[in-house]
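> let me see the structure of the following:
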Amino acid sequence: MKDYDIKLHVQGKSQFTDDLKLPEDSLFASVFTAPASHGKITALDISQALTMEGVIAVFTYKDIPGKNQIGHIIPDEPLLAESIFTYFGQPIAVVVASDQRTARLACKLIKLEYTALPSIFDPRIAYKAGEIIGTERIFSCGDTEKAWDECDYIFSNTVESGAQEHLYLETQISIALPQESNRFKIISSTQSPTSVQTTVADVLGLSMNQIETEVIRLGGAFGGKEDQANQWAALAALSAFKLGKTVKLILSRNTDINSTGKRHPYSSDFKIGLTKDLKIKAYEVTFFQNSGAYADLSTSILERSMFHATNSYFIPNVQAKGICCRTNLPTNTAFRGFGGPQAMFVIESAIYEAAQKLNVSPSEIQQANLISQGESFPYGMLATKNKTQECWHQAVNDFGLEERKQRVNDFNKNHRVIKKGLAVMPVCFGISFTSTFLNQASALVHIYKDGSISISTGAIEMGQGVNEKIRKVAANIFSIPENYIRIETTNTTRTANVSPTAASTGADLNGNATRMACESLLQRLVNAIPKILNSNTKDVYEIRNEAIYQNGILTDLSWKDFIMSAYRDRVNLSAHAFYATPGLFFDKKIEKGNPFAYHVNGTAILEITIDCLRGTFKTDSVEIVHDIGKSLAPIIDRGQVEGALIQGIGWMTMEEIRFSQQGKLMADTLSTYKIPDILSVPDEIKILYPEADENESNFGVFGSKAVGEPPFMYSIGIYFALLEGIRAFNPEAEISYSVPFTNEKLFLMLKANTIF
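Numbering: from 1, shown residues only. A predicted model of the protein is given here:
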């Protein structure tokens, strides 16, 4: 009962899917994938693989009893390629063998003949070719065409943002176990158990109540297991269905990196207009999203980009256009921020472009345009109880922005080849699924007769601490120690129709459902006290600190004795509750509504130092004011802020993803794909929190706010701090807006048109 997740992790005792013991006759699956980016299959020879000792079967799309389809939002993605494959690494066949090594070796014996077809990797080329997923969408307010005439300055440019590999520690894995009556249990490393359940049911031609999905915990996800775990679970289930035995499928790191999608790269155009007082009068942006071969979650991710097109700013005239472009790359998918970072990078680039051309500090333009209470976002939602201004001014004052600017300027005057750069990055991020129906959760709470508690929700623990937060909710309501409470694995037979643990909503949705169930139980228990104590029903009773109080006086009845008495008195010690975030709506016909429960706000000040001879840099400090409301778990929340920041620095500065002309990922191992290490961490990270408003009403639990995704966007400021350092060294440097800002790019930009 005292084995909380963090203790288990530290002790090396945490169980993940790969740690589970399997039945003795279990089989192992491996996937044969496409060797090029686009081709027409002319022949597939599996005969040699079948003759290999230990190989049990090889399955293709012809063996699927139900639908060969795993696309949910748009049904455009086959489980196994049929006549055409559309990206390098696409599954074509699944080999099942008596052990994992044999299954993987047998895949190499499959012979594929194909005719190469033209490939598209660039979203703009895809757009011109008509390769579009879904339809173009436009969010707008005001009239940009008329507004341009009222602008004193107009600037435009192009912005490129790259992909990013999730690089979760635990690769994609699923175990499919046949049960009686043609039922199957799927143990999956997924953020979305119901999505796995639905996909497997469709592929096997079964009803959802014949599929049970269970999730223990994940060894990381970051969005990469929100939808893309479905494919591997379905392949394991298909094999188990055909053979009647337990089948385990775990991807090698190489296959995982090559076959799974990344953060969506965007190629974007902006046009921004300002008046002489630095007010942004008009803003137009077009997002060309590189969706990859299939839809997956691309349309929803693009939608969130549109919602965050103006970040923390009020702009009266906006037109944001977005297009999902189909290319011959692995299907890109959810990643921390879910399209928000790509959009925020564009508006910040537009502001920087204007500042550079007008010879003012970007922070002057930023501050002049921060959204205020009562102003509206382009999609119609009002900024109510929004702390954009508060966080900005606290950061500017508490961290001494003007003094910092002066110190940086003085340093740069006195150093020829070592330069500093400073940038400010405000963040305004909406919390809720933008698909309104997903904003729901349920919880099942059992109090056992010894006083211990079991809680089942749809939340998935993947290192972000959601189990600990839910545990704290229950402990707070019942006024008992946390070690009385166990958070169960997530299982679709206990919690049905589970929304993904994503969009930073895991604690909000599931925590509120838990709160409601616990409060219902608490009231039931309090009502039972008078009978158990044989006392006056009009007295005031409460449960506090593991004990029962009557009219504020401690009784002799402890929590455990009371629960046993309640059990013997036949009091119902179980409760189920359902929570749906109120007040959400969005009309896609007019692209207006109230899609978010609230916004999370914050501001970061980032300082870097560049070695202009070598083209290297270090991050001196990142100082953040971040609104977390009334935190349920301050240490967990701080860890989320720091982790998101470092992951964002990786996206902005080093995680470069390139593909060969055949569409093969060129850095597909842990030794060649560079992520942040200890040397990438800022020398100093300071985090301050604005004072929580006691009267503030939001839809987090007990006044808490979501924390998983918003801090990721603070890292965008690193890019502009680097540009400031470059301009201090070489004022004539040609500025471009393209991430990741690798050391190679930095070196070339520093040296352009420069003579030592």
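
> okay, now the unreliable bits of the protein?
For the chain, the stretches with pLDDT under 70 are 1-3, 694-697, 752-756.

> domain map for it?
The record's domain parsing of the chain by automatic domain parsing lists 21-118+176-255, 266-434+589-751, 440-580.

> identify the residue nearest the geometric centre of this protein.
Taking Cα atoms, centre = their mean as the criterion, Arg336 is the residue nearest the geometric centre of the chain, at 3.0 Å.

> next, it: secondary structure please.
coil (DSSP: H, G, I helix; E, B strand; the rest coil).

> how close does it get to Val94?
30 Å (Cβ to Cβ, to the nearest Å). All C-beta spots, glycine's among them, are computed from the backbone N, C-alpha and C.

> check Leu8 too.
According to Cβ to Cβ, Leu8 stands 33 Å off from Val94.

> so what's Asp693 up against?
Contact criterion Cβ atoms under 8 Å, 6 or more residues apart in numbering gives Lys385 as the residues in contact with Asp693.

> in this structure Ala57 contacts Phe241, no?
No - with the criterion set as Cβ atoms under 8 Å, Ala57 and Phe241 do not qualify as a contacting pair; they are 11.4 Å apart.

> tell me which of the two has more neighbours.
Neighbour count, other Cβ atoms under 10 Å: between Ala57 and Phe241, Phe241 has more, with 24 against 18.

> that one: which element?
With secondary structure defined by DSSP states H and E, Phe241 is part of helix 229-243.

> check which element follows that helix along the chain.
The C-terminal neighbour of helix 229-243 among helices and strands, as given by DSSP H and E, is strand 247-250.

> so which residues of the stretch 251-400 of the chain form helices?
Along the stretch 251-400 of the chain, counting by DSSP state H, counting those that start in this stretch, helices occupy 253-259, 298-307, 340-358, 362-368, 388-398.

> for the fourth one, the distance to its chain's centre please.
Shown here is helix 362-368, whose average C-alpha point lies 29 Å from the average C-alpha point of the whole chain (Cα atoms, centre = their mean, to the nearest Å).

> pull it out as CSV, backbone CA atoms only.
Coordinates of the C-alpha atoms in helix 362-368 are reproduced here as CSV (Å, rounded to 0.1, in the frame of the first residue of the first chain):
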residue,chain,number,x,y,z
PRO,A,362,10.5,42.4,-29.5
SER,A,363,9.3,42.7,-25.9
GLU,A,364,7.9,46.1,-26.6
ILE,A,365,5.6,44.7,-29.3
GLN,A,366,4.7,41.7,-27.2
GLN,A,367,3.8,43.9,-24.2
ALA,A,368,1.8,46.3,-26.3
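
> which residues sit against that helix?
For helix 362-368, contacts defined as Cβ under 8 Å, 6+ apart pick out 274, 277-280, 312-313, 348, 351-352, 354-355, 392, 396, 401, 423-424, 426, 720.

> so what sits opposite the closest residue to Gln100 other than its chain neighbours in the bridge?
Nearest in space to Gln100, with sequence neighbours left out and distances taken as Cβ to Cβ, 6 or more residues apart in numbering, is Phe28 at 4.3 Å. With DSSP bridges applied, the residues forming beta bridges to Phe28 are Ala97, Lys248.

> next one: Gly430
In this structure, Gly430 bridges to His599 when assessed by DSSP bridges.

> so what's it up against?
Listed by Cβ under 8 Å, 6+ apart, the contact set of Gly430 reads Arg304, Phe307, His308, Met381, Pro595, Phe596, Tyr598, His599.

> same check on Ala240?
Contact criterion Cβ under 8 Å, 6+ apart gives Ala176, Leu177, Pro178, Phe184, Thr246, Val247 as the residues in contact with Ala240.

> the closest residue to Phe85 other than its chain neighbours: how many residues sit nearby?
The spatial neighbour of Phe85 that comes closest, neighbours along the chain excluded (Cβ to Cβ, 6+ apart), is Ala34 at 3.9 Å. Counted with other Cβ under 10 Å, the burial measure for Ala34 works out to 23 neighbours.

> got the domains of the chain as CSV, with distance to Ile132 columns?
As requested, the domains of the chain are arranged in CSV below (distance: least, Cβ to Cβ, whole Å):
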stretch, distance to Ile132
domain 21-118+176-255, 11
domain 266-434+589-751, 6
domain 440-580, 25
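
> just the terminal-to-terminal distance for stretch 170-188.
By Cα to Cα, to the nearest Å, the extent of stretch 170-188 from end to end equals 11 Å.

> packing partners for the longest helix seen in the chain?
When every helix of the chain is counted residue by residue (DSSP state H), the longest turns out to be helix 506-533. Applying 3 or more Cβ pairs under 8 Å, 6 or more residues apart in numbering; DSSP states H and E, one finds that helix 506-533 makes contact with strand 440-447, strand 453-457, helix 466-478, strand 541-544, strand 547-550, strand 553-558, helix 559-568, strand 574-580.

> mind redoing it with 6 Å?
Helices and strands touching helix 506-533, by 3 or more Cβ pairs under 6 Å, 6 or more residues apart in numbering; DSSP states H and E, are strand 440-447, helix 466-478, strand 574-580.

> of those, which is nearest Lys405?
Lys405 sits nearest to helix 466-478 of all the helices and strands packed on helix 506-533, at 38.5 Å, using Cβ to Cβ.

> buried residues in the helix or strand just after the closest one, which are they?
Counting by DSSP H and E, the element after helix 466-478 in chain order, helix or strand, is strand 485-487. Judged by neighbour count (16 or more other Cβ atoms under 10 Å), strand 485-487 contains these buried residues: Ile485, Arg486, Ile487.

> need these in JSON lines (columns: distance to Gly451).
Compiled in JSON lines, these are given as follows (distance: Cβ to Cβ, whole Å):
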{"residue": "Ile485", "distance to Gly451": "10"}
{"residue": "Arg486", "distance to Gly451": "12"}
{"residue": "Ile487", "distance to Gly451": "17"}
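
> which of those residues lies closest to Tyr153?
The nearest member of the buried residues of strand 485-487 to Tyr153, counting by Cβ to Cβ, is Ile487 at 55.0 Å.

> how about the nearest residue to that closest one, chain neighbours excluded?
The shortest distance from Ile487 to any residue that is not its chain neighbour, by Cβ to Cβ, 6+ apart, is 4.3 Å, and that residue is Asn467.

> list the contacts for the one you found?
Contacts here follow Cβ atoms under 6 Å, 6 or more residues apart in numbering; on that basis Asn467 touches Asp5, Glu461, Ile487.

> for it, give its distance to Ile6.
The value you get for Asn467 to Ile6, if Cβ to Cβ is used, is 10 Å.

> run a quick neighbour tally on Ser660.
Ser660 is surrounded by 12 other residues when neighbours are defined as other Cβ under 10 Å.

> among the contacts of Gly430, which two are most distant?
Put simply, by Cβ to Cβ the two of those set farthest apart are Arg304 and Tyr598, 15.4 Å from each other.

> go ahead and confirm Pro676 touches Trp651.
No - contact status for Pro676 versus Trp651: not in contact, 9.5 Å apart, counting by Cβ atoms under 6 Å.

> more neighbours, those two?
Applying other Cβ under 10 Å to Pro676 and Trp651 shows that Trp651 carries more neighbours, namely 29 against 18.

> now that one: closest residue in space that isn't a chain neighbour?
Nearest non-adjacent residue to Trp651, counting by Cβ to Cβ, 6+ apart: Gln164, 4.7 Å away.

> please report phi then psi for the one you found.
Gln164 adopts backbone torsions of phi -160, psi 130, taken as degrees, to the nearest 10.

> done for today, thanks.
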